[in-house]
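Enquirer: coordinates only, no sequence provided:
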């Protein structure tokens, strides 16, 4: 371990030999940090926090502290961070609560920009981008490849589907299905994230299928149940639509429509 002499590292912390730790950083006794991580100056990592390999954590971030939940009573809960994540300045990620399963979990290869807040019991997938000041309340689930633009705010218990896109300063109080773009202070669906799908290798036919599914869900005047049945039929010929059907089936908050 290559640590600056001013860093305060509890002897109980488990840190891989090649980890770099900057000046005045504080690391608590229940922290585990994997290989090839780089921790900047004046970072605080505390609580039962597990960080995988090859993560970059920039200065002034606070990871693994107590959840901002008045029900929290000192229970031994967790923050788990995967591999290959970039965590920029002033990020705050809280541990889980007993009521929410006890774990806040962040996957792999995520790009989490300055001032991002991830509250207790959130679950973040892989390849997610959260731009500056995007914030998640408790119990939010974010699917793989989702993009949250700057100042996006997500209400507790909402889900953001895979490949979804939230525009700048979107205020989201219901779940956003996979592939869908939302925008506005009171977020509303605005189409599909076609540019993101192109970048991820979706074919023109697959994007047409997703666009047709969007029309079924949002433009054909169908009830959610009727739209779901139509999507079920589409999924038999277009497997990418299965993601939408499963999202509707498992979402508990209610989707933006």
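Expert: Everything's here; your move. As the structure is a computational prediction, the values presented were derived from the model and not from experiment.

Enquirer: okay, now residue 23: neighbour count?
Expert: By the criterion of other C-beta atoms under 10 Å, residue 23 has 14 neighbours. To be clear about C-beta, it is placed using only N, CA and C from the backbone, and glycine gets the same treatment.

Enquirer: need the pLDDT of it.
Expert: Residue 23 carries a pLDDT value of 98.

Enquirer: can you check residue 43 too?
Expert: Looking at residue 43, its pLDDT reads 98.

Enquirer: can you tell me how far the closest residue to it other than its chain neighbours is from residue 17?
Expert: Leaving aside its sequence neighbours, residue 43 sits nearest to residue 25 (C-beta to C-beta, 6 or more residues apart in numbering; 4.5 Å). Residue 25 sits 17 Å away from residue 17, going by C-beta to C-beta, to the nearest Å.

Enquirer: comparing these two, which residue is more hemmed in?
Expert: In terms of neighbours (other C-beta under 10 Å), residue 25 is the more surrounded of residue 25 and residue 17; the figures are 22 against 7.

Enquirer: and that one, what does it touch?
Expert: Taking C-beta atoms under 8 Å, 6 or more residues apart in numbering as the contact definition, residue 25 lies against 3-4, 7-9, 39-45.

Enquirer: backbone dihedrals for it, please?
Expert: phi -70, psi 150 (degrees, to the nearest 10).

Enquirer: from residue 53, how far out is it?
Expert: 18 Å.

Enquirer: just give the closest residue to residue 227, not the sequence neighbours.
Expert: Distances taken as C-beta to C-beta, 6+ apart put residue 217 closest to residue 227, at 4.9 Å, once the chain neighbours are dropped.

Enquirer: for residue 115, give me the pLDDT.
Expert: pLDDT, read off for residue 115, is 98.
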